[in-house]
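S.K.: Here's a sequence, model it:
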Amino acid sequence: MKFKKPKFWDLKKSNLLSFLLLPFTLPILINNFFLNFKSNDKNKKVKTICVGNIYVGGTGKTPTTIALYNILRELKINVVTGKKTYASQIDEGIILKEKTETINKKTRKKIIEHAINDQRNVVIFDDGLQDKSISYNLQFVCFDTETFVGNGLLIPSGPLREKLNSLKKYDCVFLKSDGVAPQAQLDSIKKYNPNIRIFKTYFKICNLDKFNLSQNYLIFSGIGNSQSFKNILIKNGFKIIEELIFPDHYNYKKDDINDILDHARNINAEIITTEKDFVKISKFNLNKIKFIEIRLEIENKNNLIDFLKIKIHE
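M.R.: Numbering: from 1, shown residues only. Model prediction:
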């Protein structure tokens, strides 16, 4: 699904447009109602972990999936990642293949079957919390403190797939922040699930040494949360003079790239994009566009490791 997130989704209070759209949230309400009756029968041959969100896009699911994969590999667990095949999400699939061993199939059940045939111990799914056909062993929800739950309403009135009270059925929250996580957000999470584990995270740029911070930069992205991309650049001292925002999972055309190159030349700026965007434009064989490579860091990583050891071996 390619769309540019409406600005009113992230207003602190609902506006008139969000109220007018409330009747159209009915399909989401119905779907979420039936999620409550999802089977609790878990596959006994392989452990399943799902890294998902209840806020639409831009919460760091893929970097979190990769971080979990690396942790389990360090624990000598035979792990693989799984990504349901979506034509519109090839960027995430490519990054997973580059950084993990991954299985791509049309359904998550087929991914599990493949993992069992490969004698894997654990499958980590990138996305899929709202898949009614699978009961996961562990369910992790990702948030970004910048947006958190937006205006708190369901699609299309707001950015939520599920209401915040759905946290009562999940195991952990990964809360990504560029600074200190707001206490009000922590309290909101614990309000609905006092026992849920919260792991604070942040992004770190791995290839910062490849950039000249004295240069002016034009940045562009087609991701769920473009503000997060801009914030990490500012935090690391990049001089951004212009930003171009495209819809999430945007499929760039050659003309788009030519326009970006021309504009950067006119304003005498270098160009930076995200890794997710770069994998989609690398087919154009460009050398004037760079990307930042980010890694998810987990503040209380040792606590997460202890938690995973217990849960994986239950």
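S.K.: residue ranges for the helices of this protein, please.
M.R.: 16-20, 26-35, 61-74, 90-99, 108-117, 183-192, 226-235, 254-266, 275-281, 301-312 (DSSP state H).
S.K.: Let me have those helices in a markdown table, adding distance to residue 218 and mean pLDDT as columns.
M.R.: No exception for glycine: its C-beta is placed from N, CA and C like everyone else's. A markdown table is the format used below for the helices of the chain (distance: least, C-beta to C-beta, whole Å; pLDDT from 0 to 100):
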| stretch | distance to residue 218 | mean pLDDT |
| --- | --- | --- |
| helix 16-20 | 31 | 95 |
| helix 26-35 | 37 | 92 |
| helix 61-74 | 24 | 97 |
| helix 90-99 | 20 | 89 |
| helix 108-117 | 39 | 96 |
| helix 183-192 | 32 | 96 |
| helix 226-235 | 11 | 94 |
| helix 254-266 | 5 | 95 |
| helix 275-281 | 13 | 93 |
| helix 301-312 | 35 | 96 |
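S.K.: Let me know which of those helices is the nearest to residue 145.
M.R.: helix 183-192 (6.0 Å; C-beta to C-beta).
S.K.: Count the residues that sit near the nearest residue to residue 43 once chain neighbours are set aside.
M.R.: Spatially, and ignoring its direct neighbours in sequence, residue 43 is nearest to residue 112 (5.9 Å; C-beta to C-beta, 6 or more residues apart in numbering). Around residue 112 there are 21 other residues, counting by other C-beta atoms under 10 Å.
S.K.: before we move on, back to that, quick one: which of the helices of the chain is nearest residue 46?
M.R.: For those, proximity to residue 46 was assessed by C-beta to C-beta; helix 108-117 is nearest, at 5.3 Å.
S.K.: ok, and what's touching the closest one?
M.R.: Here helix 108-117 makes contact (C-beta atoms under 8 Å, 6 or more residues apart in numbering) with 43, 45-46, 48, 80, 82-84, 103-105, 123, 125, 128, 131, 133-134.
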